[in-house]
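Trainee: sharing a model that was predicted from the sequence below.
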Amino acid sequence: MATKIGVYFDQQNIGGGLDVQALADGVSKKWGDFAPVVKVYPVLANAEADIQADIEAQGLDGVLVCGCSPRYDWNLYQFPGIQVERVNLREQCVLAYKNPDGSAAPAGAAPELLVAMAQDYVNMGVVKLQKSTLPEGAAVEGVKRVLVLGGGWTGLHAALEVAKTGYEVVIVEKSATMGGHVQNIPTATPLSAPWTEPQESGLEAKIAQVKSNKLITIYTSSTIARLEGQPGEFTATIATAKGEEQVQVGAVVLSTGWTPLAGKYLEPMGYGKLPGVVTAGEFGKMLREGKMDAKRVAFVLDTTLAEEAAKAQAAAAAEAAAEEKPEAAAPAEGEAETPAFVKQDLESIKHLGYSNSVSGVAALRLANAVCDKFDGAQVFILYKDMVVQGLLERYYKHAQNRLGIMMTKADVTDIARSGDALKVSCANTLLGMDFDVEVDMVVLPTGIVPTTAKDAVVQFAYRQGPDFPDLDLFDGFTDSNYICFPYETRRTGVYAAGCVRQPMTMDACAEDAAGAALKAIQCIEAATRGVAVHPRSGDLSYPIFNFVRCTQCKRCTEECPFGALDDDEKGTPKPNPARCRRCGTCFGACPERVISFANYNIDQIGSMIREVVVPKDFQTEGPRILILACENDAYPALDMAAMRRKSWSPYARVIPVRCLGSVNAIWVSDAMSKGFDGVMLLGCKYGDDYQCHFVKGSEICNRRKENIAETLNRLGVQPERVEQLEVAIDEYDKVPDMIDGFVARIVDMGPNPFKGM
Ligand code: SF4
Ligand code: SF4
């Protein structure tokens, strides 16, 4: 814990008519022994040398900077070995201030409510430091070797990228040969300028390059039997034809690719029923092997026929199940309407949609190949949405001008045999009329299903099981937050690239491989230094367990979104700090308050809550509202709102939390006992389109809130006094109204019955 701190005020960043010297005097009076140095500077950024001198002269071990948000000037005020905290007096106090009636503060001296708010924030900052210790990190040795799982196009690129940095690589490939699906394609889509011509993939050369690289070891016809340990020091057990072998690796690139969507889903489009109807994957293989002799080909990218049939079948199956066994078909409370066993088909068919941009480019590539092969070829590309990403737009335009290729938007309403030919019926076309085309072959998109959708390809020896969790959330794709952290899976140290991450074209796969390779190296380096890799990059803190009080209730081990905690046979948690993302979800879960971080703990936030001065008279002095704001989205949104001159109720006090998942119910009790009239939990969206950086944090918080509501109910306190609201980082224009709306609801409810007790 900090024992002696200096408190510094940055006058230029405060303003608002606040008497900064009076604030400083208040700190000296209240915290004199703990804060022997309290100074006001007109421009604090110029005073870093002075602060350093104070640290040395006074033996300070903490520095509190009162001025702008910690999100600005973040590179200032860093003193080695000293804890530094920032008090956000500019954005979330002065700029956010308005009078309770909504009017702006008058010019001149700051109103009383603003002064009270500033005092609360400064006192919270002081006590935050008082309850905080400098984290030391939990470094591991850091094996500089990366396991690349899958030796296809993406895996080959990833291996070469890793080897370029001097790290060793172990490739484990399930099949006997390297190259994956690319072995079956006749030509590649353009991989470089001018982006108009198909070109050789160069696969053989790439494989030769990998094989001749001394830093790369290859295991073919092999799989991973087990991955244990943590980033920097994983042990991978490789199952080979000759038995099992173990290798130490620091991180993993997951490039196991995809498998085609089961053919049954394409039956409504004639696949498996009509000769001549094949998937793009099969058609490419036929071309490559010289077995394709059709001059008239239709590429049907509109898959509505298959999708509608799947939906109809699912609805019929649900209906039949309901008739046969009503209780089994009825959704459980809180579940979606569609029973789980019917969902499978609906989710699988989505893979056709996910594959859209790949299917479009594949159709262009194969259409060009048909025209290259036969003079007078007639190729039709019939699409609902033609998705061609990035520079491949040029490839699309080039194909548009090619004689023999005809493209149109169309609803494909039927595919049927017509004599020796296949007839494709089209409606709502760009030509302004409905028409049929007669062709020799029909090519359907290949739905890209990630290999992780069904099998546990990594075989984690983790307490939470061998697979990636919650695969149904993204239909098998492994992302943990695709918006902010591409490559990241829900297992730290394992980075997905290529089509196991999302359907993508070959050029995108190569780029993705480089990204995941660098991420893997970054992870090993971070583990070696004992810091978090992301989202809290560089964070030295990690959860520390006071096992004396642990009741082995297993909540922490079950709720950790990243499988960072194993346990022993009794259920005592076994932390793996290098797997940990430092979200605090475990400590939010722990009923015994066993878990803490050096610089973020239950007592610390509880003490901050207790530092707020809550007036006894609700009617004349107004309510007090505690906002626990997720520091990833909600807190920055508040800063941005204030910077845009948006303001909110002066009765609110904001405390940033690492994630709403880290909110422990005791903080709500602390706030209620203190006399706060309402608690607002402000965090990210949850559910299928979640934005939570820690995947589950805000969802878990919402579940816990229900328990909190029950407790409040039992105590005779309205559960509506605690609300969780969702905000994304770009919703800064909404957040002030959200706060004001909550405050208005609390005002209507009246004071917290515990106030003043
Ligand atoms: S819940 Fe979060 S902080 Fe706790 S062990 Fe898991 S990743 Fe780490
Ligand atoms: S939640 Fe707390 S009490 Fe329960 S197992 Fe984890 S550390 Fe122990």
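Mentor: Okay, I see it. Numbers count the residues shown, from 1 in each chain. Ligands and ions are numbered 1, 2, ... in the order given.
Trainee: can you give me the domain boundaries for this structure?
Mentor: Following automatic domain parsing, one finds the domains of the chain at 1-134, 145-259+449-529, 263-446, 544-596, 600-757.
Trainee: of all those domains, which lies closest to ligand 1?
Mentor: Minimum separation from ligand 1 across the domains of the chain (C-beta to the nearest ligand atom) falls at domain 544-596, 3.2 Å. C-beta here means a position set from N, CA and C on the backbone, and glycine is covered the same way.
Trainee: so how far is the closest one from its chain's centroid?
Mentor: Taking C-alpha atoms, centre = their mean, to the nearest Å, one finds domain 544-596 lying 21 Å from the centre of the chain it belongs to.
Trainee: now render the domains of the chain as TSV, adding mean neighbour count.
Mentor: Output for those, formatted as TSV (neighbours: other C-beta atoms under 10 Å):
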stretch	mean neighbour count
domain 1-134	18
domain 145-259+449-529	21
domain 263-446	17
domain 544-596	19
domain 600-757	20
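Trainee: of the ones you listed, which is nearest ligand 2?
Mentor: The closest of the domains of the chain to ligand 2 is domain 544-596. By C-beta to the nearest ligand atom, the value is 3.3 Å.
Trainee: are we agreed that residue 477 is in a strand?
Mentor: No. Going by DSSP: H, G, I helix; E, B strand; the rest coil, the assignment for residue 477 is coil, not a strand.
Trainee: rewinding a little: got CSV for the domains of the chain, with distance to ligand 2 and mean pLDDT too?
Mentor: Below are the domains of the chain laid out as CSV (distance: least, C-beta to the nearest ligand atom, whole Å; pLDDT from 0 to 100):
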stretch, distance to ligand 2, mean pLDDT
domain 1-134, 19, 95
domain 145-259+449-529, 11, 93
domain 263-446, 24, 88
domain 544-596, 3, 95
domain 600-757, 10, 92
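Trainee: dump the residue contacts of the one residue sitting closest to the centre of the chain.
Mentor: Residue closest to the mean C-alpha point of the chain, counted by C-alpha atoms, centre = their mean, is residue 481 at 1.5 Å. Neighbouring residues of residue 481 by C-beta atoms under 8 Å, 6 or more residues apart in numbering: 488, 535, 690, 691, 692, 693, 695.
Trainee: recalculate using a threshold of 6 Å.
Mentor: Neighbouring residues of residue 481 by C-beta atoms under 6 Å, 6 or more residues apart in numbering: residue 693.
Trainee: secondary structure class for it?
Mentor: Recorded secondary structure, residue 481: coil (three-state DSSP).
Trainee: ok and the residue in the stretch 401-550 of the chain nearest ligand 1?
Mentor: Closest to ligand 1 within the stretch 401-550 of the chain is residue 543: 4.9 Å, counting by C-beta to the nearest ligand atom.
Trainee: burial count for that residue?
Mentor: Using other C-beta atoms under 10 Å, residue 543 is surrounded by 27 other residues.
Trainee: contacts only, for the nearest residue to it once chain neighbours are set aside.
Mentor: Distances taken as C-beta to C-beta, 6 or more residues apart in numbering put residue 595 closest to residue 543, at 5.0 Å, once the chain neighbours are dropped. Contacts for residue 595 (C-beta under 6 Å, 6+ apart) come out as 543, 545, 586, 587.
Trainee: got those as TSV, with secondary structure columns?
Mentor: Compiled in TSV, these are given as follows (three-state DSSP):
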residue	secondary structure
543	coil
545	strand
586	helix
587	helix
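Trainee: what is the nearest of these to residue 423?
Mentor: residue 586 (61.0 Å; C-beta to C-beta).
Trainee: what about the closest residue to the closest one other than its chain neighbours, which helix or strand?
Mentor: Distances taken as C-beta to C-beta, 6+ apart put residue 556 closest to residue 586, at 3.8 Å, once the chain neighbours are dropped. If you go by DSSP states H and E, residue 556 is part of helix 555-559.
Trainee: residues contacting that helix, please?
Mentor: Contact partners of helix 555-559, identified using C-beta under 6 Å, 6+ apart, comprise 463, 565, 567, 573, 585, 586, 589, 590, 700.
Trainee: what do you get for stretch 252-270?
Mentor: The contact list for stretch 252-270 (C-beta under 6 Å, 6+ apart) reads 147-150, 152, 154-155, 158, 180, 271-272, 277, 281, 305-306, 309, 349, 351, 415, 444, 446-451, 457, 494-500, 516-517, 520.
Trainee: just to revisit the earlier point, and which of the contacts of residue 595 is nearest residue 740?
Mentor: Checking the contacts of residue 595 against residue 740 by C-beta to C-beta gives residue 587 as the nearest, at 31.1 Å.
Trainee: ok, that closest one - contacts?
Mentor: Applying C-beta under 6 Å, 6+ apart, we find residue 587 in contact with 595, 662.
Trainee: what do you get for residue 154?
Mentor: Shown in contact with residue 154 (C-beta under 6 Å, 6+ apart): 255, 497, 498, 509, 513.
Trainee: in the residues you listed, find the pair that's most separated.
Mentor: Farthest pair in these (C-beta to C-beta) is 255 and 509. Separation: 8.3 Å.
Trainee: and the strands in the stretch 301-450 of the chain?
Mentor: For the stretch 301-450 of the chain, the strands defined by DSSP state E, counting those that start in this stretch occupy 378-383, 405-409, 411-418, 421-427, 435-439, 441-444, 448-450.
Trainee: close to ligand 1, is stretch 137-144?
Mentor: No. Using C-beta under 6 Å from any ligand atom, stretch 137-144 stays clear of ligand 1, with a minimum separation of 11.1 Å.
Trainee: list of residues touching that stretch?
Mentor: Residues external to stretch 137-144 that are found in contact with it (C-beta under 6 Å, 6+ apart): 167, 232-233, 248-250, 524, 527-528, 530-531, 540, 542, 577-578.
Trainee: ok, 8 Å please
Mentor: For stretch 137-144, the external contacting residues (C-beta under 8 Å, 6+ apart) are 166-168, 230-234, 248-250, 524-525, 527-531, 540, 542, 577-578.
Trainee: buried residues in it?
Mentor: Neighbour-count burial for stretch 137-144, with 16 or more other C-beta atoms under 10 Å as criterion, is recorded at 137, 138, 139, 140, 142, 143, 144.
Trainee: in TSV: the strands of the stretch 301-450 of the chain, plus distance to residue 294.
Mentor: Shown next, in TSV, are these (distance: least, C-beta to C-beta, whole Å):
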stretch	distance to residue 294
strand 378-383	10
strand 405-409	15
strand 411-418	15
strand 421-427	10
strand 435-439	7
strand 441-444	4
strand 448-450	24
